[in-house]
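Visitor: make a model of this:
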Amino acid sequence: MRKDPDKKVILEDGQEYLGWSFGADKEAILEIVFNTSMVGYQEILSDPSYTDQAVVMTYPLIGNYGMAEDDYETDTPSIGALIVHEYNDEPSNFRSASSLGQVMAKYGIVGVSGVDTRKLNRSIRDFGSRRAIITSADTTLEDGLARLSTCMMPKDAVSRVSCRAKRLFPATEERFHVVAIDCGMKRNIARAMNAMGCKVTVVPWNTPASGIRALNPDGVFISNGPGDPMDVPDTIQTIRSLIGFKPMFGICLGHQIISLAYGARTYKLKFGHRGGNHPVKNLETGKIEITSQNHSYAVDPESLKATPLKVTHINLLDNTIEGAECEKDRVFSVQYHPESAPGPQDSRYLFERFIRMMKEGADHAEKN
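Guide: I've put the predicted structure just below:
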């Protein structure tokens, strides 16, 4: 016979959801968001962009294929919590090395199962992302709301998930050298570049422009990461100083940082984009890409008009900006994740574009 619920999720508007604990058994105050991916919970769990967030999975069964050693997107997962309808603690998968709950307990990540996730996700869509407290089932609504009202969400997420020192990811056949600014970078980005012959030197988020120039790269990459892009003014200034230096490519938070460096503005979306099935239109080709997404902020289209950046991609669900470029400066960026992990790989051509830009730069330098 199943025991009574021992966990409760209280939203700041007073909604309550009961469930059962798995993973780390502790109290946490987080921003609640949802993800519509049907697979890839391990990659979601280990994506640094989910720092300080409680992710509600819309797919009902989570944990059934366990956790594989090769599928982590970071060394130390920093997601705040995972909220699911049904949790499977007995995975069936020959690659599985441990259960989802065991990994979550190891890294202090709270889990709640048995929740009416359809109702909760509809609430997030209708009323937006909000703060929530995950607490004991016997916590009263009044006590939970009182704790929420006195808690301020941290703004140092990027500094907590970025590497502390320079890291090297060598390629088997090195053709180009990319310096990647780590704002919470997923491993699959380095894997994708390595597979295309790029040695990747990953540097901390606050590395100054002079430090990046000293590494003499063929291209500069700005990674994904958590939180508000306005919380990393040092990185924005670094990118502003590097415009025109070498070909530059940004993904997700990197896209927002590039736009801010050019003088555009960003704003927070009602409930963000998180999932593996978001349709994006490439305005240059007219083709539709099915993309992997994970972000709370977007670039303001009106503010972009006053910059040299041109919109290259739009989201077909809400017409938000999904890509921008400045051809003269050899800079481009996308809001979504062409490296997938999890998700489709319709957009791998963006890495190929970055390679071509670096090759053209190298050929030009050789001629001169």
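
Visitor: can you pull the contacts of the residue at minimal distance from the centre of the chain?
Guide: With distances taken as C-alpha atoms, centre = their mean, the residue of the chain nearest its centroid is Ser49 (3.5 Å). The contact partners of Ser49, taken as C-beta atoms under 8 Å, 6 or more residues apart in numbering, are Gly184, Lys186, Asn224, Gly225, Pro226, Cys252, Leu253, Asn294, His295. Glycine gets a C-beta too; all of them are placed from N, C-alpha and C.

Visitor: so which of those wins on neighbours?
Guide: Leu253 (33 neighbours; other C-beta atoms under 10 Å).

Visitor: can you pull out the strands in the stretch 251-368 of the chain?
Guide: Counting by DSSP state E, counting those that start in this stretch, the segments of the stretch 251-368 of the chain that form strands are 266-282, 288-299, 310-315, 321-326, 331-334.

Visitor: can you redo those strands as CSV with distance to Phe351?
Guide: Output for the strands of the stretch 251-368 of the chain, formatted as CSV (distance: least, C-beta to C-beta, whole Å):
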stretch, distance to Phe351
strand 266-282, 15
strand 288-299, 14
strand 310-315, 15
strand 321-326, 14
strand 331-334, 11
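
Visitor: out of those strands, which is the most enclosed?
Guide: The highest average neighbour count among those, using mean count of other C-beta atoms under 10 Å, belongs to strand 331-334 at a mean of 26.

Visitor: which pair of the contacts of Ser49 spans the longest distance?
Guide: Taking C-beta to C-beta, the two most distant members of the contacts of Ser49 are Lys186 and His295; they sit 12.9 Å apart.

Visitor: got any residues that touch both of the two?
Guide: Ser49, Asn224.

Visitor: Met248 touches Glu325, doesn't it?
Guide: No - counting by C-beta atoms under 8 Å, Met248 does not reach Glu325; the two are 10.0 Å apart.

Visitor: so where's this protein uncertain?
Guide: 1, 362-368 (pLDDT under 70).

Visitor: quick one: the helices in it?
Guide: 41-45, 100-106, 117-127, 141-149, 157-161, 187-195, 209-214, 233-242, 253-261, 301-304, 349-367 (DSSP state H).

Visitor: in TSV, list these along with distance to Gly14.
Guide: Shown next, in TSV, are those (distance: least, C-beta to C-beta, whole Å):
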stretch	distance to Gly14
helix 41-45	28
helix 100-106	27
helix 117-127	11
helix 141-149	6
helix 157-161	27
helix 187-195	39
helix 209-214	48
helix 233-242	36
helix 253-261	32
helix 301-304	35
helix 349-367	43
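
Visitor: out of those helices, which gets nearest to Phe169?
Guide: helix 187-195 (4.3 Å).

Visitor: relative to helix 253-261, how tilted is the closest one?
Guide: If you take axes from the mean of the first three to the mean of the last three C-alpha atoms, to 10 degrees, helix 187-195 sits at 90 degrees to helix 253-261.

Visitor: residues touching helix 187-195, excluding its own?
Guide: For helix 187-195, the external contacting residues (C-beta under 8 Å, 6+ apart) are 43, 72-74, 169-172, 178, 180, 200, 202, 221, 223-224, 251, 338-341, 348, 351.

Visitor: of those, just the buried ones, PyMOL syntax please.
Guide: To isolate the buried ones among the contacts of helix 187-195 in PyMOL, judged by 16 or more other C-beta atoms under 10 Å, type:
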select buried, resi 43+72+73+74+169+171+178+180+200+202+221+223+224+251+338+339+340+341+351
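
Visitor: quick one on the thing from earlier: what touches both of Met248 and Glu325?
Guide: Val331, Phe332.

Visitor: show me the contacts for the nearest residue to Lys8 once chain neighbours are set aside.
Guide: Spatial nearest neighbour of Lys8, chain neighbours left out: Ala137 (4.8 Å); criterion: C-beta to C-beta, 6 or more residues apart in numbering. The contact partners of Ala137, by C-beta under 8 Å, 6+ apart, come to Asp4, Pro5, Asp6, Lys7, Lys8, Leu18.

Visitor: who does the closest residue in space to Lys287 that isn't next to it in sequence form a beta bridge with?
Guide: Distance criterion C-beta to C-beta, 6+ apart; nearest residue to Lys287, sequence neighbours excluded, is Lys281 at 7.5 Å. Lys281 has these beta-bridge partners by DSSP bridges: Ile288, Ile314.

Visitor: my guess is Lys281 contacts Thr312. True?
Guide: No - applying C-beta under 8 Å as the test, Lys281 and Thr312 come out as separate, 9.8 Å apart.

Visitor: can you give me the end-to-end distance of stretch 153-160?
Guide: Start-to-end span of stretch 153-160 (C-alpha to C-alpha, to the nearest Å) is 14 Å.

Visitor: what is the nearest of the contacts of Ser49 to Met38?
Guide: Asn294 (15.1 Å).

Visitor: which residues does the closest one bridge with?
Guide: So, taking DSSP bridges as the rule, Asn294 has Arg274 as bridge partners.

Visitor: so Asp116 sits against Ile83, correct?
Guide: No - the criterion here is C-beta under 8 Å, and Asp116 misses it with Ile83 at 10.4 Å.

Visitor: and the closest residue to Phe176 other than its chain neighbours, what does it touch?
Guide: Distance criterion C-beta to C-beta, 6+ apart; nearest residue to Phe176, sequence neighbours excluded, is Asp218 at 4.3 Å. The neighbours of Asp218, taking C-beta under 8 Å, 6+ apart as the test, are Phe176, His177, Val178, Lys246, Pro247, Met358, Gly361, Ala362.
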